[in-house]
Each structure stands twice: as structure tokens, then as C-alpha cells.
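Participant: Everything below, folded, please.
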Amino acid sequence: MEGLIASEGLSNVIVADTEIGDVRGDEGFYHYRQYSAVDLARHNTFEQVWHLFIDGSLPDASELSEFHSTTAGLNRLPDELGGVLRTVSLLGDDRDALAGLRTVLSAAGPASGAIPLWDSDEATIRHDTLRVAALTPTILAALHRIRSGDEPVAPDPELSVAANWLYQLTGHRPDPRHARAVEQYLIATVDHGFNASTFTARVIASTGADVYAAVCGALGAFSGPLHGGAPDRALDSLDEIARHGDAVAWAREQLAAHRRIMGFGHAVYRTRDPRSELLREIAVDLGGPVVEQAVEVEQQVTDVLREAHPDQPRYANVEFYAGVVMDACGIPRSMFTPTFAVSRVVGWCANIAEQAHSRKIIRPRARYVGPAPTR
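Facilitator: Next comes the predicted model:
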């Protein structure tokens with residue numbers, strides 16, 4: 001093992017080739033296949049981007065219509081899982097939404113006849129990835145409504161993914177401006193390189209396990225506060241600052257106590273997070289007192305961080321404005337991270353399908369640093 005170099009967190013270690021996308025942290029740019037992700041969020045629908053991830057191209061009108069027909073028939077929960085859904089809803093609250101989703105998806109795999117990727121052809125893999133991604137918002141919204149004392153709302157085949165998500169959460173047809181804002185957020189967060197959850201999904205896929213198993217593993221990684229569990233915590237920080245009354249003093253106190261300021265800094269970006277820039281524009285367009293506070297706080301906290309780390313500036317990341325946008329669109333704070341999962345599951349599924357083309361298991365090594373063994 002001598003001579004091997006360990007990279008903490010696998011930072012900058014290349015573990016695979018991909019055609020799905022890339023994150024260029026030094027440039028503040030990321031893309032899905034050959035398209036700027038931010039441009040796609042500005043000009044395209046979530047269904048078009050979903051097709052891009054799964055089938056490799058932006059669809060023409062005929063392909064999009066066929067894609068709508070296919071996915072619209074996959075987002076209804078099998079009747080035999082209704083009891084599982086209600087049982088899971090009794091085991092926690094919305095803070096446990098991702099755990100509930102994992103449990104129901106684990107049951108949905110056998111109920112849907114899922115087979116290992118190792119034994120699947122391309123058509124089967126495509127069907128299973130579309131099925132998991134289509135089921136995810138239905139399961140999450142149903143868990144939320146049951147826990148709130150309401151009946152689940154069946155998805156409306158006439159609505160887009162984003163509009164359906166808001167409809168199934170609230171039981172009311174959403175304001176088109178809110179549906180579009182959420183759609184842009186979903187598009188902006190489908191994929192973001194080999195982050196912890198995506199890598200987890202690919203590791204599990206490399207074993208030949210089924211799509212449901214790989215997505216459930218990704219959800220486990222995603223639930224951590226350093227990953228998908230951050231949007232609501234960023235909004236919590238805004239609440240703390242409002243109670244404190246002084247954003248600059250609050251930020252300095254956090255740094256002095258060696259506490260992380262949620263919603264700022266990123267593991268890859270060394271410049272401004274392009275997702276945050278996009279979401280700030282969306283938030284400002286929606287307006288409201290929370291948005292005004294967020295814009296002011298962002299600048300003040302950024303200045304404090306620049307003062308403390310002049311050589312390593314830290315800017316607002318996607319989680320900071322994600323929570324602001326979702327709050328403005330009426331999504332309960334407890335459902336911020338589940339909303340993130342509604343988009344990211346599409347990226348996981350694309351990575352799972354790509355990984356399935358390889359027949360080699362992902363098996364890195366660790367450098368042993370314990371006591372010398374006896375022989």
C-alpha cells in the first residue's frame with residue numbers, strides 16, 4: 001500500500017467516464033449533456049429535460065407527446081401498496097419523508113416486478129428508471145397529505161410534473177407562476193456531477209442490483225444535512241437572523257463558534273453557484289418580504305465570509321435561494337428536501353442506467369493506518 005495517495009472524500013478523483021453532464025467549479029458553470037443547465041431551466045420544460053437525461057436528446061413535439069403518454073401511466077401507486085403507504089405514514093412526520101419514500105420504494109420494487117440490472121435489457125432499464133422517477137412525487141405527496149390528516153390526491157395527467165407536485169401537495173391547482181418557478185428549480189437540480197448520492201447510486205448499480213435498490217441507497221446519502229437536507233436549514237438561518245436583528249453580527253458569531261453557515265459555500269464551486277444566481281432571479285420575480293430579507297442577508301453574510309476567508313470566498317449556494325423560492329410557492333418547509341428529491345431522482349436514474357452498461361463493480365481501496373498486524 002506504500003506510495004498510494006489517499007484523497008479525503010475522493011476529492012478530484014476520477015472514478016468513471018460519463019456522458020450525462022459535468023460541473024466546472026472554477027468557471028461557475030455546469031451542463032446536462034451538451035446543454036447549459038441554466039439555459040435549460042430558463043427555456044425548457046421539466047419533461048423535455050427528463051427526456052434528455054433518459055433518452056439522450058431534447059425531444060421534438062412527437063417524441064415529447066409519446067414521453068408524456070408513457071410517464072403519465074407510471075406515476076400511480078399500485079393498489080397493493082396503499083396499506084404500506086398508510087403504515088409508513090404513521091411511523092414519523094414530514095421530517096422523515098425521505099425515510100418513508102425509501103420504505104415505500106423498497107416495497108414498490110418487488111410489487112412492480114423489478115429485476116436486477118445485471119439481468120435487464122435496455123427496455124427494462126428504461127421502464128424501471130422512468131417508473132421510479134414517476135412514482136417518487138406521488139409517494140412523497142401522499143405521505144405528506146396522510147400525515148396532515150388529508151386524503152392523497154391522484155396525479156392529473158393533464159398537468160406537468162411541477163404543477164402536479166404542487167397539486168398533489170395542496171389539493172389545489174397551482175398558480176401558473178408558482179408552477180413555473182418550481183419547474184425551473186427542478187430543472188436546475190436534476191444532476192450535479194458525482195455528488196455523494198449520485199455516486200452511491202452508481203456504486204449500487206455497479207453490483208448489478210435493481211434500480212429501486214440503487215435509488216433507495218442514493219436517498220440514504222441524500223438525506224444528510226451536508227447534502228440534500230440543507231434547503232430548510234438555510235431558511236431556518238434566515239429566521240434566526242430575523243430574531244437576532246443583525247445579520248453581520250450573527251454571521252460573525254457563527255464563525256467564532258465554528259458553526260457552519262448553512263446555504264453558503266460549496267465543495268466544487270470556487271466562484272458563485274450558477275444555480276443560486278438563477279434562483280435569486282426567480283425569487284426576486286416572485287417577490288415578498290422573505291425574498292427581500294434573503295437578498296439583503298446574502299450580501300451581508302457574503303461580506304463577512306470574504307472578510308474571514310479572503311483567499312477562499314464563499315458565496316450563497318443552491319440551498320439558500322431554493323428554500324426562499326419554495327416558500328414563496330407555498331411548499332411547506334418540511335417538504336423542501338423532498339422537492340429536491342423529485343428532481344434529483346431523474347439524475348440518479350440516468351446515472352444508474354449509464355452505470356449498467358459497465359459490467360465491472362466499483363471497488364476502491366482504503367489505506368490501512370492502524371497498528372501493524374502480526375503475521
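
Participant: Counting by contacts, list what the lowest-mean-pLDDT helix or strand in the chain packs against.
Facilitator: Ranked by mean pLDDT, DSSP states H and E, the helix or strand of the chain with the weakest confidence is helix 231-244, at a mean of 80. Applying 3 or more CB pairs under 8 Å, 6 or more residues apart in numbering; DSSP states H and E, one finds that helix 231-244 contacts helix 247-256, helix 289-308, helix 318-328, helix 336-355. For the C-beta atoms, the positions are set from N, CA and C on the backbone; glycine is no exception.

Participant: Output those helices in a markdown table; the columns should cover mean pLDDT and mean neighbour count.
Facilitator: Putting the helices and strands packed on helix 231-244 into a markdown table (pLDDT from 0 to 100; neighbours: other CB atoms under 10 Å) gives the following:
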| stretch | mean pLDDT | mean neighbour count |
| --- | --- | --- |
| helix 247-256 | 90 | 17 |
| helix 289-308 | 87 | 17 |
| helix 318-328 | 88 | 27 |
| helix 336-355 | 96 | 26 |
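
Participant: would JSON lines of those with distance to residue 174 be doable?
Facilitator: Converted to JSON lines, these look like this (distance: least, CB to CB, whole Å):
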{"stretch": "helix 247-256", "distance to residue 174": "32"}
{"stretch": "helix 289-308", "distance to residue 174": "18"}
{"stretch": "helix 318-328", "distance to residue 174": "12"}
{"stretch": "helix 336-355", "distance to residue 174": "13"}
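
Participant: Out of these, which is closest to residue 102?
Facilitator: helix 336-355 (10.3 Å; CB to CB).

Participant: If I take that closest one and helix 231-244, what angle do their directions form?
Facilitator: 150 degrees (axes from the mean of the first three to the mean of the last three CA atoms, to 10 degrees).

Participant: Kindly export helix 336-355 (C-alpha atoms) in CSV.
Facilitator: In CSV, the C-alpha atoms belonging to helix 336-355 read as follows (Å, rounded to 0.1, in the frame of the first residue of the first chain):
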residue,chain,number,x,y,z
PHE,A,336,-38.2,21.3,0.8
THR,A,337,-35.8,18.4,0.7
PRO,A,338,-38.5,16.0,-0.7
THR,A,339,-39.0,18.6,-3.5
PHE,A,340,-35.2,18.4,-4.2
ALA,A,341,-35.6,14.6,-4.4
VAL,A,342,-38.4,14.9,-7.0
SER,A,343,-35.8,16.3,-9.4
ARG,A,344,-32.6,14.6,-8.4
VAL,A,345,-34.2,11.1,-8.8
VAL,A,346,-34.2,11.7,-12.5
GLY,A,347,-30.4,12.4,-12.4
TRP,A,348,-29.9,9.3,-10.3
CYS,A,349,-31.8,7.1,-12.7
ALA,A,350,-29.8,8.4,-15.7
ASN,A,351,-26.6,7.6,-13.9
ILE,A,352,-27.9,4.2,-12.9
ALA,A,353,-28.7,3.4,-16.5
GLU,A,354,-25.3,4.6,-17.6
GLN,A,355,-23.5,2.6,-15.0
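
Participant: can you give me the angle it makes with helix 318-328?
Facilitator: Using the same axes, to 10 degrees, helix 336-355 lies at 130 degrees relative to helix 318-328.

Participant: name the helices or strands packed onto the longest helix anywhere in the chain?
Facilitator: Secondary structure of the chain read by DSSP state H shows that its longest helix is helix 122-147. Counting contacts by 3+ CB pairs under 8 Å, 6+ apart, helix 122-147 packs against helix 46-55, helix 61-72, helix 82-89, helix 97-111, helix 161-170, helix 211-222, helix 336-355.

Participant: Residue 209: neighbour count?
Facilitator: For residue 209, the count of nearby residues is 19 (other CB atoms under 10 Å).

Participant: Could you say whether it sits in a helix, a strand or coil?
Facilitator: Assigned with DSSP: H, G, I helix; E, B strand; the rest coil, residue 209 falls in the coil class.

Participant: So it versus residue 367, what's the distance?
Facilitator: For residue 209, the distance to residue 367 equals 27 Å [CB to CB, to the nearest Å].

Participant: circling back: which one of the helices and strands packed on helix 122-147 lies closest to residue 23?
Facilitator: Using CB to CB, the helices and strands packed on helix 122-147 put helix 336-355 closest to residue 23, at 11.9 Å.
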